[in-house]
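Participant: Whatever this is, show me its structure:
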Amino acid sequence: MFEKLELQPPDAIIGIMGMFRADPAPTKVDLSVGVFQDDAGRTPILECVKRAERRIIEAQDTKSYVAIAGNAGFNESMETLLFGGSHPALAAGRISSVQTPGGSGALSVLGHVIARARPTATVWLSQPSWPNHLPLLRLAGLRLEHYPYYDFDRHCVDFDGMVETFSRLGPDDLVLLHGCCHNPCGADLSREQWDALAELFADRGIVPFLDLAYQGLAENLDADACGARVMAGRVEEVLLAASCSKNLGLYRERVGLASIVSRNADEAETTRTNLAQMGRGIYSMPPDHGAAIVSCILHDEELTALWLTELGEMRDRLNSLRRTFADMLADRGAPVDFSFIASERGMFSFLGLTREQVIRLREDFHVYMVESSRINFAGLNSSNMDYVADSIIAVLQ
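Facilitator: I've put the predicted structure just below:
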């Protein structure tokens, strides 16, 4: 049966992580892995999560299944977090959601619902985009295309190129947009650009497909959800995939939400049944532990306040690392202008190095990053930042 299967290449990031682990050099630095880390290089469990977890374990009296749509308290609180409690689409009952195994599960469910609803649809991905977007949506049988997003020479959003592409699209097209902290480039749309895209999408019947995996890690919870809220307010139909991996540190718990904004409440109910049935077919029942943690935190004022403090500390660390590293490279006389690093957001940016320079960093200096020169700033800390800066300047000279 399986004799015709071909050996598949290893995931690029997983492969780099493997090389890093095998490297005996005491100075080695891993800037490839896509998780938040503190100054000690750990991915910590938030205190709000620990407290919520204790409450859940003490009160829990069954391990039976939750509903196919998942934890109702989680779904309700996440919709409020994402769209805002007073959003007209929420008040009108136009939003339907299901809990999913992580943001990837949300993308998968939404992809399959798209394929059922409109088999002729095309989903447009940003160039570049998160590498897993393509295989997740391709598995749903969708046609995929790319639109220009990042200008690698100027290190900014290629908004004119985006608009020129979108001006040719119509009702058979969905455009996948990163809500904030674009992965992998870190360059985000401004409020004015979101407004312009919402007007264009509404005019041409384009359906926005938003991936909001980093809410709260760019500016704040409300500002980071601006795109989703603007689109849901001006476009009749919107899809949104959300994740709690980054902003609550629940990576291994796999906590996500798939939401669709429909044209009216009646269509939203139909959409809800299709979301649930698709989840049932893919993974049967969603896991509850992580969703129960999020629901506990978001329904308790004390835990919510604690989470906002801890989230702010994570966000401040990332933004501070960006500013400090950009200044450090400039102060050391880097032959390239890296000031763009400070204006981008989230964990990732492209340094603009060549593949050969990235390989030399790895082989000569034991500094590991993806060969596109995308780095995770959370991998920098007070003990390695000087070394990384000096190593980058060395390969540039």
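
Participant: if you skip the residues just before and after it, what's nearest to residue 199?
Facilitator: Spatially, and ignoring its direct neighbours in sequence, residue 199 is nearest to residue 234 (6.9 Å; C-beta to C-beta, 6 or more residues apart in numbering). Yep, even glycine has a C-beta here, placed from its N, CA and C like the rest.

Participant: Surely that neighbour touches residue 197?
Facilitator: No - Residue 234 is beyond contact range of residue 197, at 9.6 Å (criterion: C-beta atoms under 8 Å).

Participant: thinking again about what came up before, and the pLDDT at the residue nearest to residue 199?
Facilitator: At residue 234, the predicted lDDT confidence score is 97.

Participant: For it, which residues are in contact?
Facilitator: 198, 199, 201, 202 (C-beta atoms under 8 Å, 6 or more residues apart in numbering).

Participant: domain parsing for this structure?
Facilitator: Here the domain parsing of the chain from automatic domain parsing is 12-44+312-396, 65-299.

Participant: I'd like to know which of these lies nearest to residue 1.
Facilitator: Nearest to residue 1 among the domains of the chain is domain 65-299; the distance by C-beta to C-beta comes to 20.2 Å.

Participant: Pretty sure residue 174 sits against residue 115.
Facilitator: No - Residue 174 is beyond contact range of residue 115, at 11.0 Å (criterion: C-beta under 8 Å).

Participant: Name the nearest residue to residue 141, ignoring sequence neighbours.
Facilitator: Per C-beta to C-beta, 6+ apart, closest to residue 141 is residue 115, 5.0 Å.

Participant: ah, wrong one, I meant residue 377
Facilitator: Nearest one to residue 377, counting by C-beta to C-beta, 6+ apart, is residue 321 at 4.6 Å.

Participant: mean confidence score for the helix or strand hosting that neighbour?
Facilitator: Using DSSP states H and E, the element containing residue 321 is helix 301-331. Average pLDDT, helix 301-331: 98.

Participant: same for that helix, what does it pack against?
Facilitator: helix 47-59, helix 289-298, helix 340-343, helix 385-396 (3 or more C-beta pairs under 8 Å, 6 or more residues apart in numbering; DSSP states H and E).

Participant: Mean neighbour count, the ones you listed: which tops it?
Facilitator: helix 289-298 (a mean of 24; mean count of other C-beta atoms under 10 Å).

Participant: what helices or strands is it leaning on?
Facilitator: helix 47-59, helix 72-83, strand 255-261, helix 301-331.

Participant: Report the angle between that helix and strand 255-261.
Facilitator: Orientation check (axes from the mean of the first three to the mean of the last three C-alpha atoms, to 10 degrees): helix 289-298 against strand 255-261 gives 70 degrees.

Participant: change the start of the numbering to 54 and stick with it
Facilitator: Yes, from this point I'll number from 54; that puts the last item at helix 342-351.

Participant: who touches helix 342-351?
Facilitator: Residues contacting helix 342-351 (C-beta under 8 Å, 6+ apart): 101-102, 105-106, 108-109, 119, 123-124, 126-127, 130-131, 133-134, 152, 297, 301, 303, 306-308, 356-357, 360.

Participant: Buried only: go through those for me.
Facilitator: Among those, those classed as buried by 16 or more other C-beta atoms under 10 Å are 101-102, 105-106, 119, 123-124, 127, 130-131, 134, 152, 297, 301, 303, 306-308, 356-357, 360.

Participant: mind listing the helices for the stretch 154-303 of the chain?
Facilitator: Remark: helices assigned in the stretch 154-303 of the chain by DSSP state H, counting those that start in this stretch are 155-170, 186-192, 212-219, 244-257, 274-277, 279-287.

Participant: Looking at those, which is nearest to residue 340?
Facilitator: Judged by C-beta to C-beta, the one of the helices of the stretch 154-303 of the chain that comes nearest to residue 340 is helix 155-170, at 9.5 Å.

Participant: more crowded one of residue 227 and residue 168?
Facilitator: Taking other C-beta atoms under 10 Å, residue 227 and residue 168 do not tie; residue 227 has more neighbours (25 against 19).

Participant: Could you give the bridge partners of the more buried one?
Facilitator: Beta-bridge pairing for residue 227 (DSSP bridges): residue 176, residue 260.
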